[in-house]
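In: just the structure for this:
(2 chains)
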Amino acid sequence: MRVSKRSFYLVALLAIAAMLFGACAAPVAPTEAPADDSGAAASDAAAGDAEAAPSDFQIGLVTDVGRINDRSFNQSAWEGVVQFAEAAGMSEDNYRYIETQDSKDYADNMQQFIDNGYNVIVTVGFALADATLTAAQENPDIYFIGVDQFQAEEVPNLTGLIFHEDQSGYLAGVLAARLTQSGTIAAVLGTDLVPPVVAFNEGYITGAQSVNPDINIISTYHPGGMDVAFVDPEWGANTAKQALDQGADVVFGAGGLTGNGALQEVAVAAEGGAQVYCIGVDSDQWETVPAAHPCLVSSAMKLITPGVGELLTAAQNGEFPGGNYYGGSGLAPFHDFEDSVPQEIKDELAQTKAGLDDGSVTTGYGQ
Amino acid sequence: MRPNNFWKTSSLISLILAGVLVVMALLVNMTPLGNSMWLRVFFGISALNFTLRASIPLILGALSGILCERSGIINIGIEGMMLAGAFGGFVAKVATNGWPLTASLIFSVLIALAIGGLMGLLHATLSIRFRMDQIISGTVIIILATGFTAYLFDRNAVAEGKFNALPIPGLAQIPVIGPVFFDNPPITYLTLLLVVIIHVALFHTRWGLRTRAVGEHPRAADTVGINVNRYRYVNTTMGGMLAGLAGAFLVLEAVGQFQEGMTAGRGFISLAAMIFGNWNPFGALGASLLFGYTQALQNELLLAGFTDIPRQFVSMLPYVVTIIAVSGFVGRVRPPAAEGKVYETEGSSE
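Out: Presented below is the predicted three-dimensional model:
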C-alpha cells in the first residue's frame, strides 16, 4: 500500500504545517525566555551577566488569547511594561511576554515565568482572573498584576488593575446625547458576560439620560459566547446598520473587533453624506481603526498603559497595593472633530469629568 | 426520484409563511399598524434588512456544501475556505487601492474566488488522491486557514472602499420590498441568483444528474462511463469558490476590512443550513433566512428594550428546529448515499 504510506506523510506534513503556522501567530519571545535565563538560582551562579543588570527585577506578561500587537488590551498592557522597563533601564532579557494560544494554557504560561524566577507577572484580561488568583496564592513571593480583573477578596501579592468603565461610558453618553439630531442613540456591544462591557453600557445610558431624560437609547449585545462575541465585525456592522435604519445617528461601538465593525459601518454612512457619529472604546481608536475616521468623534478609554506602569513602579518600590487598583479613564481627543464639537460641549464634558472624579456626579452603576 | 411528501408540505408552508411576512411587512411599514412596538420588532424594515444581510454568507456557505456533498465529498472546511477567501480578497484589495474602485473590487472578488477554489482543490486532493478521512481533511483546512491568515495579516493595512448598494431602477421604488430586496450591493444579488442557477443546474442539466449520480451511487455512474473522481474534483473546487465568495462578501461588501477569525462560525452554521435545507438550494436559502431572521429578532428585541425573554433563547430556536428536522421527528433529511466514501475504480487499488 504505497499510496496510504504517502498519504500518511502528507497528512503528517500538513498537520505539522498547520501547527507551525498556528504557533507562528505567537511570536517566539516565550521560547527564548527560558533559554536566556534558566531560573533565578542558575543566573545567580552564573553571576557576571545577571549582576551587570541594574537589578534582578524581571517582568513577565501573559496575554489573553490573541496576539501581543492586537491594538487592544494585550498591546496596551505590554506598552506599559515596555515604557516602565525602558525608563528603568532594564535589559531586554528581563521583560518578556507569552502569547496565549488557548484559554486552557493560562496557568502553564504563568508557570513558565514562575519557574524562571520572574518577580512580577502581568496577566491581561478578565478571562485570566481565576488562573491568576490561583498562581498568586501558590507563589506569595511574586507580584501579580491582573489587568481588568476585579478582586473580590484581597490577596497581598495580587492587584487587579480595574477601571471605572461606567465613568468613561457616562462621558460618551453625554457626548452622544449632545451630538444627536434625531434623539436616538445606539450602542453595539460585545457580550454581557463580561462586566466591564455592561459597565460601559450602563454608564452610557445614564450619561445620555442626564442630558436628555427622554432620549431614545437602543443598545444591543452580541448573542454569541465568549469565543465569538468580540471577534465578529460583520455582526457589529450589520447591527450598526440596523440601528441606523431605526434612526440612530450616534453609535457607541464597544466590543473588540465586533465594535470595530460597527464603527466601520457608521463610517461608510458618514462618507455617504449622512450626519452620523461613532464613539470608540478602550483605547483611542483613532489610532487603532483608521477606517473609522469619517465618523469617530472620540473614544471612551480605559488607560491601561499608565496603570500598568504605576503598579510596576509600586512593585519595584516595595509598595505593591494588593486588592483593586483603579486606573484612569476618560474620553480620547476629538482629532478631526476638534472644530465641529462646540466649546460648550467640551466644557460640559470637562465639568462632568471633574464631577465624576470628585464623586459629585454618579453613574448609578453597581449600586 | 422518490417523492418526499414532507418536503413538499414544508415548502408549501414556507411559501405561505413568506407570503404572510411580505403582507405584514407592507402593512406595518406603510400603515398606522407600525405604531405597535411588537409589530415593528417582527416586521420592521431594519429587521428585514438585517435578515437578508446576515443570511448571505450562510447561503453561499450552504451552496458550497451542497456542491461538494451532492458529489459525495463531505466538506466541513467551509469555515476555513471562507476565511481564506476573505483574506485573499482583502490582500488583493489593499494591493490595488490605487486602481479605480470598481476594477479593484472586481479583481479582489476574483482573487477571493481563486483562493477559495484552491482551498477546495486542496480538500479534493486530500480526499480523493490521498484518500484521507474527509472530516480530518476539512479540519486541517480550517486550522491551516486560521493559522495562515493570522500569521500573514498586517494590522496596518487598510482596504479603501467597498461595494456600495446598486438600486435597481424602478423596482427599488416599490415601498418596503424595494429597499429590502432591490437596493443591495452586487454580491447580494449574485447570491440570490446563484440559488436559482445552482438549483436549475443540479436538477435540470446533464451535469447535475451526473453529479447526483456520483454522490449517490458512484459504482453505477462509473459503469456508464462517468469519471467519478473528476466530477468530485470539479465540484469540490467550485464549492471552495463559493465559500471564497462568502469571504469576499464579508470583506468587500459587508465590513470593508479583514479581521482575524472574522468568519466567527458562519461556515459551521451554513452546514446546519445545508442539512436543514435537505441538500437543496432553495431549502438552504430558506434555512439561512430563518437563521438570519432569528438573529435580527433577538437584536430587535434588545433594541426595543425588551428583556423579559432571555435573548439567547430566541437565537437558540432555529438550531433546535434543525435538530428536530435532522433527527427525523417530523420527516427526514437524507444526505447523498455515497457521501464521505472514497471511490476506487475496480482493479485500480494496488
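In: going forward, measure contacts and count neighbours with C-alpha atoms only.
Out: Fine.
In: how much space separates residue A:293 from chain B?
Out: 12 Å (C-alpha to the nearest C-alpha, to the nearest Å).
In: that residue - how many residues pack around it?
Out: Applying other C-alpha atoms under 10 Å in any protein chain shown, we find 23 residues neighbouring residue A:293.
In: quick one: low-confidence residue ranges for the stretch 251-367 of chain A.
Out: The stretch 251-367 of chain A contains residues with pLDDT under 70 at A:367.
In: all helices of chain A, in order?
Out: Applying DSSP state H to chain A gives helices spanning A:2-24, A:29-36, A:40-46, A:48-52, A:73-87, A:106-115, A:129-138, A:165-179, A:195-211, A:233-245, A:256-271, A:285-288, A:304-316, A:343-358.
In: of those, which is nearest residue A:332?
Out: helix A:285-288 (8.3 Å; C-alpha to C-alpha).
In: helices or strands next to the closest one in the packing?
Out: Taking 3 or more C-alpha pairs under 8 Å, 6 or more residues apart in numbering or on different chains; DSSP states H and E as contact, the helices and strands that helix A:285-288 lies on are strand A:296-302.
In: so the strand it packs on versus helix A:195-211, what angle?
Out: 120 degrees (axes from the mean of the first three to the mean of the last three C-alpha atoms, to 10 degrees).
In: which residues touch the residue of the stretch 201-350 of chain A found nearest chain B?
Out: Minimum separation of the stretch 201-350 of chain A from chain B (C-alpha to the nearest C-alpha) falls at residue A:218, amounting to 4.6 Å. Residue A:218 is in contact with A:184-187, A:243, B:302-305, counting by C-alpha atoms under 8 Å, 6 or more residues apart in numbering or on different chains.
In: dump the residues you listed into TSV; add pLDDT as well.
Out: Shown next, in TSV, are the contacts of residue A:218 (pLDDT from 0 to 100):
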residue	pLDDT
A:184	92
A:185	94
A:186	93
A:187	94
A:243	92
B:302	80
B:303	80
B:304	79
B:305	76
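In: surely residue B:278 meets residue B:284?
Out: Yes: under the criterion of C-alpha atoms under 8 Å, residue B:278 makes contact with residue B:284 at 7.5 Å.
In: tell me which of the two has more neighbours.
Out: Taking neighbours as other C-alpha under 10 Å, residue B:278 and residue B:284 compare with residue B:284 leading, 29 against 22.
In: how many neighbours does the closest residue to that one other than its chain neighbours have?
Out: Counting by C-alpha to C-alpha, 6 or more residues apart in numbering or on different chains, residue B:284 lies nearest to residue B:277, which is 4.3 Å off, once chain neighbours are set aside. Using other C-alpha under 10 Å, the number of residues around residue B:277 comes to 24.
In: so for residue B:277, what's the pLDDT?
Out: On pLDDT, residue B:277 comes in at 85.
In: quick check: the gap between it and chain A.
Out: 23 Å.
In: contacting residues for that residue?
Out: B:283-287 are the contacts of residue B:277 under C-alpha under 8 Å, 6+ apart.
In: phi, psi of it?
Out: When read as degrees, to the nearest 10, the backbone of residue B:277 gives phi -80, psi 10.
In: same question for the one 3 residues further on.
Out: Here is the backbone geometry of residue B:280 (degrees, to the nearest 10): phi -110, psi 140.
In: please read off the pLDDT at it from the model.
Out: The model's pLDDT for residue B:280 equals 89.
In: do the same with residue A:123
Out: Predicted confidence (pLDDT) for residue A:123: 94.
In: repeat that for the one 4 residues further on.
Out: Residue A:127 is assigned 86 on the pLDDT scale.
In: what's the neighbour count on it?
Out: Residue A:127 has 18 nearby residues by other C-alpha under 10 Å.
In: pLDDT weak spots in chain B?
Out: In chain B (pLDDT under 70), the answer is B:1-10, B:32-37, B:311, B:325-326, B:328-333, B:346-350.
In: pretty sure residue B:82 sits against residue B:246.
Out: Yes: using C-alpha under 8 Å, residue B:82 is in contact with residue B:246, at 5.9 Å.
In: which neighbours do those two share?
Out: residue B:61.
In: strands of chain B, start to end?
Out: Secondary structure of chain B by DSSP state E: the strands cover B:166-167, B:183-184.
In: how distant is the first one from the center of its chain?
Out: I take that to be strand B:166-167. Relative to its parent chain, strand B:166-167 has a centroid offset of 22 Å by C-alpha atoms, centre = their mean, to the nearest Å.
In: which neighbours in the sheet does that strand have, and how are they oriented?
Out: Using DSSP bridges, strand B:166-167 pairs in its sheet with strand B:183-184 (antiparallel).
In: give me the number of residues near the nearest residue to residue B:217 once chain neighbours are set aside?
Out: Leaving aside its sequence neighbours, residue B:217 sits nearest to residue B:338 (C-alpha to C-alpha, 6+ apart; 6.1 Å). Per other C-alpha under 10 Å, the neighbour tally for residue B:338 reads 22.
In: gap between the closest residue to residue B:254 other than its chain neighbours and residue A:296?
Out: Using C-alpha to C-alpha, 6+ apart and skipping the chain neighbours, the partner closest in space to residue B:254 is residue A:234 (6.4 Å). Distance, residue A:234 to residue A:296, using C-alpha to C-alpha, to the nearest Å: 18 Å.
In: residue A:137 now?
Out: For residue A:137 relative to residue A:296 (C-alpha to C-alpha), the value is 43 Å.
In: who has more neighbours, the two?
Out: Taking neighbours as other C-alpha under 10 Å, residue A:137 and residue A:296 compare with residue A:296 leading, 30 against 15.
In: so who does the nearest residue to residue B:107 once chain neighbours are set aside touch?
Out: Counting by C-alpha to C-alpha, 6+ apart, residue B:107 lies nearest to residue B:92, which is 7.3 Å off, once chain neighbours are set aside. By C-alpha under 8 Å, 6+ apart, the contact list for residue B:92 reads B:104, B:107-108, B:111.
In: now render these as a markdown table, adding neighbour count and distance to residue A:328.
Out: Formatted as a markdown table, the contacts of residue B:92 follow (neighbours: other C-alpha atoms under 10 Å in any protein chain shown; distance: C-alpha to C-alpha, whole Å):
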| residue | neighbour count | distance to residue A:328 |
| --- | --- | --- |
| B:104 | 21 | 44 |
| B:107 | 17 | 46 |
| B:108 | 26 | 43 |
| B:111 | 25 | 45 |
